[in-house]
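[1] I would like to see how this sequence folds:
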Amino acid sequence: MVDVLFFAELQEAAGSEKINVEADGLSVNELRMKLKSSYDLTNLDNAMTAVNEEYSREDTVLKSGDVVAFIPPVSGG
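    Next up is the predicted model:
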């Protein structure tokens with residue numbers, strides 16, 4: 001199992017700040033696609049991704065126990 005953390009509007013869209021997903025062996029991109037279809041997270045494409053508190057690439061392969069965070073773009077002044 002992989003813990004997935006959502007921030008800002010993604011948290012609101014998912015209805016939770018944290019979920020557990022079976023994603024062992026999936027890439028970050030495959031997890032993103034899975035979450036988009038399961039939770040209707042259309043803004044997920046614009047989010048930065050971190051795995052275990054380090055920004056990651058789309059081809060990073062996940063393993064059980066990883067923590068994946070989806071961080072939407074921040075704006076403000």
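[2] Who are the contact partners of the most centrally placed residue in the chain?
    Central residue of the chain (CA atoms, centre = their mean): Phe70, 3.9 Å from the mean position. Residues in contact with Phe70, defined by CB atoms under 8 Å, 6 or more residues apart in numbering, are 4-7, 10, 32, 35, 44, 47-49. All C-beta atoms are positioned from the backbone trio N, CA, C, and that covers glycine.
[3] Would you agree it falls within a strand?
    Yes: under DSSP: H, G, I helix; E, B strand; the rest coil, Phe70 sits within a strand.
[4] Dig out what it forms beta bridges with.
    Note on Phe70: beta-bridge partners by DSSP bridges are Phe6, Thr49.
[5] Next one, pLDDT for it please.
    Phe70 is assigned a pLDDT of 96 by the prediction.
[6] Check Gly77 too.
    Looking at Gly77, its pLDDT stands at 55.
[7] helices or strands next to the longest helix belonging to the chain in the packing?
    When every helix of the chain is counted residue by residue (DSSP state H), the longest turns out to be helix 28-39. Applying 3 or more CB pairs under 8 Å, 6 or more residues apart in numbering; DSSP states H and E, we find helix 28-39 packed against strand 2-6, helix 9-14, strand 18-21, strand 48-51, strand 67-71.
[8] tell me what the helix or strand bottoming out on mean pLDDT in the chain is packed against?
    When the helices and strands of the chain are scored by mean pLDDT, DSSP states H and E, helix 9-14 comes last with a mean of 89. In terms of contacts (3+ CB pairs under 8 Å, 6+ apart), helix 9-14 is packed against helix 28-39.
[9] So which residues make contact with the helix it packs on?
    2, 4, 13-15, 21, 23, 26, 41-42, 44-45, 49, 51, 56-60, 62, 68, 70.
[10] Who are the contact partners of Ser16?
    Counted by CB under 8 Å, 6+ apart, Ser16 has contacts Phe6.
[11] Run a quick neighbour tally on Phe7.
    Phe7: 15 surrounding residues under other CB atoms under 10 Å.
[12] low-scoring stretches of this structure, by residue?
    The model of the chain has pLDDT under 70 over residues 75-77.
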